[in-house]
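# Compute the structure for the input listed below.
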Amino acid sequence: MAVQVLIPPHGAGEEELVVSNLESNQTASLAVRSFDPSVLVSCSPLCAVSAQLESQLELQVQGFPQAAAAGVQLRGNRTAFLLLSSSFQRSLLILRFLVSPGPPLLVPSWDSQLTIVPRADPSKLATLTVSYFNAPRVLLATFDEQGGSVSIVFDQPTSAQLGDLPCSLLLRVQRMGEAPRCSFPDSSSLLLVLGPNAQLLPGDQVVVLGGQLRSINGVSSLNEEQNVTVLAPRSPAPPQLSLLGPNFIGECDEAILAASAPSPRPLDFSWSCSNNLTVSAMLAGRRESSVSVSASLLLPEVTYVIQVIARSFLGGTSELVAHEVTRKSVPPPLIDIDMPPPPYLPSSQLVLKATAKFSSCATSKTPLSFDWTVTDAGSGELVVQRKGPLLFLAPGTLRAGKIFQVLLSSRSSSSSLSVVKSLTMQASSLRAIISGGNKTVSRSSLLLLDGSRSLDPDCNGDATCTQSEIYEWSCWLEDGSTCRYSSGAPVVSSSTAKTFSLGDAGGEGEKRVEQEKGGRCGQNKKRRENEEEVKEVQEEEVVVEEEELEALQEEQEG
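Below is the predicted model:
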């Protein structure tokens, strides 16, 4: 039964409210606390403490009578509070008290209500919420869909610094591959990128070391060591499988079929032949990525369908991929594109070569002619058309950040062949240049460094390229320390400006150069906007004249 009670106006303080049921002759009572709005309470530094350790808090209470310094009563609804001292300073009542550890609750944090009642005037009671924080705990560790990394999620935001860190600081590194990498993308999750030859599997345990992390506000105790079982993702990514090999072989040849898919771990392959039991039995049990099929197993002019499927260590299964092979008395040659290893950069010349492999059964090799076609894979726009066994792509022909399809076609008197490959163009390294060479300047001179010749090779000479760039300038002295202004701020700059002036940055004479005769000033780092990696750095040496430095030192000592 719910009862609404209208409480008449009354003074601040604590009173007992009695509710009676006349029909059943039952009564119930509860304490009603009314607060004076002129009483204000604040904590120093935070109204937050560790849930595992005793902590001290200091309160500043405004609005209590000065006589309250003689004694107050503390009441906690969930934990105990012990008053250590009380004093009155400039109309503020300063209370220092000890907070006992909280109850063992398996939650990141919880609140406890503290009521403060001055014995001199109980009507001036005040309340305060004190938050308790447990040490961070790992909730779960899960592989990503590809199996290349593990996300370790904590139950709360932690005190971890965002960015990269050595894995050995937080993890006991076992079965994680060569040179695994760790980082905090946010304060509540740790990303473990597994290295090559990693052997970590779902169900294995990762040891998260203790004594490294606190709650994000720093008040909790340090985390304890945990053994965390790594889970498989809910939906492992299926391998994106491709299958390459000849479609025609001669009676004295063999067909070598190679399956591949991007994967951080070796895949498990299953091979079969959908229309011939003999060939299928020969392929059964093969688990490697490539197989060979001898022409002696194939009937002339019969097409055999070779199939393969791939499975990842996480259980992701690819679609079934098929490839047709036909035995010919004299098959056509196999053509291919010989490509240099990546990366492919727009600022560098790229040379592609057409190759042809004739059957060992062929008694003569018919001359072939080759046609090249390069198109934008996204838009289908034609970019280049050429003839001949070699394709030269000059710098600037292909744009960075795009994928291009290269089609090689071949014609002979008896056959027409083609092959397609992809080119993924990556951004070239930026080139940072400081004009003018090394400089010798005096203290009173305006130091202006010019980085306007810095360039993006992918945009050089291209009027349509509108890349936005940021120039980062820094300075350090001969001993390796950072140059600083007299205010203590480092001599740095980061903006779209291509020049850097010490006069603009801090004012004449503010550069701190005491007892230092020279340094390297004007490290120019040029990067694209929204890119974190600095591509190239150039530095110039700036020597400040000794006479001026001595004058400056005497001036400072005077």
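# Could you give me the buried positions within stretch 332-347?
332-335, 337, 339, 344-347 (16 or more other C-beta atoms under 10 Å). Glycine gets a C-beta too; all of them are placed from N, C-alpha and C.
# Those in strands, which ones?
With DSSP state E as the criterion, strands contain 334-335, 337 from among the buried residues of stretch 332-347.
# Ser410 is in what secondary structure piece?
Using DSSP states H and E, Ser410 falls within strand 403-411.
# on that earlier part again, name the nearest of the buried residues of stretch 332-347 relative to Glu472.
Minimum distance to Glu472 across the buried residues of stretch 332-347 is 21.6 Å, recorded for Ser347 (C-beta to C-beta).
# which ones are touching the closest one?
The contact partners of Ser347, taken as C-beta atoms under 8 Å, 6 or more residues apart in numbering, are 395-396, 428, 457-458, 460.
# all strands for the stretch 151-300 of the chain, in order.
Here the stretch 151-300 of the chain has its strands, by DSSP state E, counting those that start in this stretch, at 163-165, 171-172, 181-186, 189-193, 205-208, 226-231, 242-244, 248-250, 254-260, 268-273, 290-294.
# follow-up on the earlier one: and the ones in strands among the buried residues of stretch 332-347, which is closest to Thr366?
Relative to Thr366, the closest of those is Ile335; by C-beta to C-beta it sits at 12.4 Å.
# Next one: the closest one from Trp372, what distance?
Noted for Ile335: a distance of 12 Å to Trp372, by C-beta to C-beta, to the nearest Å.
# Enumerate every residue touching Val99.
49, 54-57, 79, 81, 130.
# So for Phe64, what's the nearest residue that isn't a sequence neighbour?
Ranked by C-beta to C-beta, 6 or more residues apart in numbering and with sequence neighbours excluded, the top spatial neighbour of Phe64 is Leu93, at 4.6 Å.
# Sheet partners, orientation included, of the helix or strand hosting the one you found?
Using DSSP H and E, Leu93 sits in strand 92-99. Using DSSP bridges, the strands paired with strand 92-99 are strand 55-62 (antiparallel), strand 81-89 (antiparallel).
# any idea which of the ones you listed is most buried?
Among those, strand 55-62 has the highest mean neighbour count (mean count of other C-beta atoms under 10 Å), at a mean of 17.
# who does the nearest residue to Ser189 once chain neighbours are set aside bridge with?
Nearest residue to Ser189 in three dimensions, chain neighbours excluded: Val153, at 4.9 Å (C-beta to C-beta, 6+ apart). Listed beta-bridge partners, Val153: Leu140, Ser189 (assigned using DSSP bridges).
# was I right about Val153 contacting Leu140?
Yes - between Val153 and Leu140 a contact is recorded at 5.6 Å, counting by C-beta atoms under 8 Å.
# give me the beta-bridge partners of the closest residue to Arg286 other than its chain neighbours?
Closest residue to Arg286 apart from its sequence neighbours, by C-beta to C-beta, 6+ apart: Trp271 at 4.8 Å. Beta-bridge partners for Trp271, by DSSP bridges, are Val308.
# Point me to the residue sitting closest to the centre of this structure.
Centroid-nearest residue in the chain: Pro185, 4.9 Å away (criterion: C-alpha atoms, centre = their mean).
# I'd assumed Leu162 was in contact with it.
Yes - counting by C-beta under 8 Å, Pro185 touches Leu162, with 7.3 Å between them.
# ok so, going back, buried by neighbour count, from the contacts of Ser347: which ones?
Buried subset of the contacts of Ser347 (neighbour count, 16+ other C-beta under 10 Å): 395-396, 428, 457-458.
# Now the two most distant members of the residues you listed.
Gly396 and Ser428 (10.5 Å).
# Nearest residue to Arg453 in space, please, no chain neighbours.
In space, and not counting its chain neighbours, Arg453 is closest to Ile433: 4.3 Å by C-beta to C-beta, 6+ apart.
# which stretch of helix or strand covers the one you found?
In this structure, Ile433 sits in neither a helix nor a strand according to DSSP H and E.
# Same question for Phe370.
Using DSSP H and E, Phe370 sits in strand 369-376.
# all helices for the stretch 351-500 of the chain, in order.
Using DSSP state H, counting those that start in this stretch, the stretch 351-500 of the chain contains no helices.
# which residues of the chain score low on pLDDT?
By pLDDT under 70, the low-scoring segments of the chain are 1-38, 45, 67-71, 73, 75-79, 412-415, 436-437, 443-444, 460-468, 502-558.
# one more time with 50
Scanning the chain with the threshold set as pLDDT under 50 gives 9-13, 32-34, 504-523, 526-537, 544-558.
# Please convert the contacts of Ser347 to JSON lines, extending it with distance to Asp450.
Shown next, in JSON lines, are the contacts of Ser347 (distance: C-beta to C-beta, whole Å):
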{"residue": "Pro395", "distance to Asp450": "26"}
{"residue": "Gly396", "distance to Asp450": "26"}
{"residue": "Ser428", "distance to Asp450": "22"}
{"residue": "Pro457", "distance to Asp450": "19"}
{"residue": "Asp458", "distance to Asp450": "22"}
{"residue": "Asn460", "distance to Asp450": "18"}
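# Select from those every entry located in strands.
Mapping the contacts of Ser347 onto strands (DSSP E) picks out no residues; all lie outside.
# can you tell me which two in these are farthest apart?
Gly396 and Ser428 (10.5 Å).
# what is in contact with these two at once?
Residues touching both Gly396 and Ser428 by C-beta under 8 Å, 6+ apart: 346-347.
# Kindly reformat the strands of the stretch 151-300 of the chain as CSV containing distance to Ser123.
Listed next are the strands of the stretch 151-300 of the chain as CSV, based on distance: least, C-beta to C-beta, whole Å:
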stretch, distance to Ser123
strand 163-165, 53
strand 171-172, 57
strand 181-186, 47
strand 189-193, 49
strand 205-208, 52
strand 226-231, 50
strand 242-244, 81
strand 248-250, 101
strand 254-260, 81
strand 268-273, 78
strand 290-294, 88
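# quick one: which of these is nearest Ala284?
Nearest to Ala284, of these and by C-beta to C-beta, is strand 268-273 at 6.9 Å.
# ok, residues contacting the closest one?
Contacts for strand 268-273 (C-beta under 8 Å, 6+ apart): 259, 279-280, 283-284, 286-289, 291, 304-313.
# redo that, cut-off 6 Å
Strand 268-273 has contacts (C-beta atoms under 6 Å, 6 or more residues apart in numbering) with 259, 279-280, 283, 286-287, 289, 291, 304, 306-311.
# ok, which pair from those residues is furthest apart?
Spanning the widest gap among those are Tyr304 and Arg311, at 23.6 Å by C-beta to C-beta.
# Which one's more surrounded, these two?
More crowded of Tyr304 and Arg311, by other C-beta atoms under 10 Å: Tyr304, with 21 against 17.
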